[in-house]
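Participant: Next one to model:
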Amino acid sequence: MNHAQQAINTLIEQTERSVIGQSHVVRALVIGLLTNGHVLLEGLPGTAKTRSVKSLANLLNTSFGRIQFTPDLLPSDVTGTEVYQDLDGKPQLHFQPGPIFNSIVLADEINRAPAKVQAALLEAMAENTITVGDKTHQLPALFMVLATQNPIEQEGTYPLPEAQMDRFIMKVTVDYPDDDAELDIIRLVRGEEVVEPEPSSAIDAQSEQHDSNEPSAVTIEPDHILAARRDLPKVEVSEMVERYIVGLVMATRKPERYPDSRLARWIEVGASPRASIALDKCARANAWLKGKTFVEPDDIRAVAANVLGHRFILSYDALADGISRQDVINELLDHVVIG
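Facilitator: Numbers count the residues shown, from 1 in each chain. All right, here's what the predicted structure looks like:
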């Protein structure tokens with residue numbers, strides 16, 4: 001195990017200490033980080049979506065920005081804007097960067113933003129640049145958008161367009177925790193409550209509070225993430241595995257190839273070629289995290305739901321019958337053969 005793998009494993013372990021019962025979310029966030037992709041978290045209120053992102057960002061020794069999306073948000077609130085400044089008595093335009101210029105960006109409740117804001121964010125996600133006026137500005141090499149949205153609130157929201165949904169390498173559904181995890185959450189939050197100390201001075205109080213938080217103050221350098229990204233192309237993918245990836249994606253576009261399945265009845269529009277690219281990247285990242293040098297079919301199956309689930313459109317019949325996207329993924333995995 002090289003230094004990058006040790007650092008990433010530490011990152012996962014430390015993040016899971018702060019986010020109880022959501023290990024699949026933490027792993028998906030790390031895979032998104034390794035593949036230079038962006039991740040969308042969808043879940044009901046209180047399911048630790050924001051906490052997961054903030055915990056991950058706190059462990060990375062890099063810049064973090066949070067954007068709380070609202071219906072009155074402007075593109076300049078995200079990208080930044082040009083402001084007038086007097087330099088030596090001469091007024092000049094100076095670009096003031098917005099929160100999008102951080103390495104880790106939390107787009108909280110992204111579906112509350114109007115179309116213009118989403119378009120500005122789309123450029124950042126797709127091109128790693130921001131254009132303001134007639135100038136294009138480069139974003140950091142380590143750049144990742146982690147977005148959250150609530151699936152049940154529709155009033156005052158703007159559903160993400162398919163083009164932007166396709167830009168997210170993974171979409172992760174965050175469910176409520178089970179009984180044991182809920183109990184651990186109560187204990188975790190109780191332990192995080194600040195207990196008023198009785199020191200002799202205010203300085204001692206600050207010192208004690210700092211020491212109480214010290215065990216979780218392990219940070220990972222961005223160089224480890226960039227080194228891990230350089231390792232991913234070295235993970236081998238056989239032709240059999242490549243054909244399995246293509247088979248899964250093509251099954252969403254041409255479900256009539258599987259007459260004994262219900263795919264043709266459930267899928268209206270299939271996944272784009274970005275789905276194949278994302279499956280390949282995420283499967284290699286999943287294999288790398290396990291310390292393997294090659295991709296197995298199980299690595300593809302492990303990431304299939306998060307990679308493919310948001311890239312096809314359900315038919316009217318599927319919606320009428322209450323068919324979920326996970327049901328479609330299960331049908332895909334059951335009928336598409338390996339090799």
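Participant: For the residue positioned nearest the centre of the chain, which non-adjacent residue is spatially closest?
Facilitator: Taking C-alpha atoms, centre = their mean, the centroid of the chain lies closest to Val39, which sits 2.0 Å from it. With sequence-adjacent residues excluded and distances taken as C-beta to C-beta, 6 or more residues apart in numbering, Val39 is closest to Gly32, at 4.0 Å. To be clear about C-beta, it is placed using only N, CA and C from the backbone, and glycine gets the same treatment.
Participant: rewinding a little: the residue nearest to the centre of the chain: what's it in contact with?
Facilitator: Contacts were defined as C-beta atoms under 8 Å, 6 or more residues apart in numbering; by that measure Val39 touches Ala28, Leu29, Gly32, Met144, Val145, Leu146, Ala147, Phe168, Ile169, Met170, Lys171, Val172.
Participant: Kindly report the domain assignment for the protein.
Facilitator: What automatic domain parsing lists as the domains of the chain is 3-71+101-181, 235-335.
Participant: could I get those as JSON lines with distance to Pro91 and mean pLDDT?
Facilitator: Listed next are the domains of the chain as JSON lines, based on distance: least, C-beta to C-beta, whole Å; pLDDT from 0 to 100:
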{"stretch": "domain 3-71+101-181", "distance to Pro91": "16", "mean pLDDT": "86"}
{"stretch": "domain 235-335", "distance to Pro91": "45", "mean pLDDT": "94"}
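Participant: Distance to Gln92 added to those, as JSON lines?
Facilitator: JSON lines is the format used below for the domains of the chain (distance: least, C-beta to C-beta, whole Å):
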{"stretch": "domain 3-71+101-181", "distance to Gln92": "13"}
{"stretch": "domain 235-335", "distance to Gln92": "41"}
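Participant: Which of those sits closest to Arg190?
Facilitator: With C-beta to C-beta, the closest approach to Arg190 among the domains of the chain belongs to domain 3-71+101-181: 12.3 Å.
Participant: now the closest one: how far from the chain's centre is it?
Facilitator: Averaging C-alpha positions (C-alpha atoms, centre = their mean, to the nearest Å) puts domain 3-71+101-181 4 Å from its chain's average.
Participant: now do the same end-to-end measure for it.
Facilitator: For domain 3-71+101-181, the first-to-last residue distance is 31 Å (C-alpha to C-alpha, to the nearest Å).
Participant: ok, now which ones touch Ala181?
Facilitator: Ile20, Gly21.
Participant: got a list of what Asn58 touches?
Facilitator: Contacts of Asn58 by C-beta under 8 Å, 6+ apart are Phe64.
Participant: For it, pull up the helix or strand it's in.
Facilitator: For Asn58, the host element (DSSP states H and E) is helix 49-59.
Participant: next helix or strand past that helix?
Facilitator: Using DSSP H and E, the next helix or strand after helix 49-59 towards the C-terminus is strand 64-68.
Participant: can you give me how far the helix or strand following that next one is from the chain middle?
Facilitator: Moving toward the C-terminus from strand 64-68, the next helix or strand (DSSP H and E) is helix 75-79. Remark: helix 75-79 is offset 21 Å from the chain centroid, using C-alpha atoms, centre = their mean.
Participant: Can you give me the buried ones in helix 75-79?
Facilitator: Neighbour-count burial for helix 75-79, counted by 16 or more other C-beta atoms under 10 Å, picks out Pro75, Asp77, Val78, Thr79.
Participant: Averaged pLDDT, that helix. What do you get?
Facilitator: Here helix 75-79 scores 89 as its mean pLDDT.
Participant: what's that helix in contact with?
Facilitator: Applying C-beta under 8 Å, 6+ apart, the external contacts of helix 75-79 come out as Ile67, Gly98, Pro99, Ile100, Lys116, Val117, Ala119, Ala120, Leu121, Ala124, Ile130, Val132.
Participant: Can you show me the CA trace of the helix or strand following it as PDB?
Facilitator: Using DSSP H and E, the helix or strand that follows helix 75-79 in sequence is strand 80-87. C-alpha atoms of strand 80-87 as PDB (Å, rounded to 0.1, in the frame of the first residue of the first chain):
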ATOM      1  CA  GLY A  80     -17.600  36.500  -8.300                       C
ATOM      2  CA  THR A  81     -17.800  39.800 -10.100                       C
ATOM      3  CA  GLU A  82     -15.700  42.700 -11.400                       C
ATOM      4  CA  VAL A  83     -15.500  45.700  -9.000                       C
ATOM      5  CA  TYR A  84     -14.100  49.200  -9.500                       C
ATOM      6  CA  GLN A  85     -11.000  50.000  -7.500                       C
ATOM      7  CA  ASP A  86      -8.900  53.200  -7.400                       C
ATOM      8  CA  LEU A  87      -5.200  52.300  -8.100                       C
END
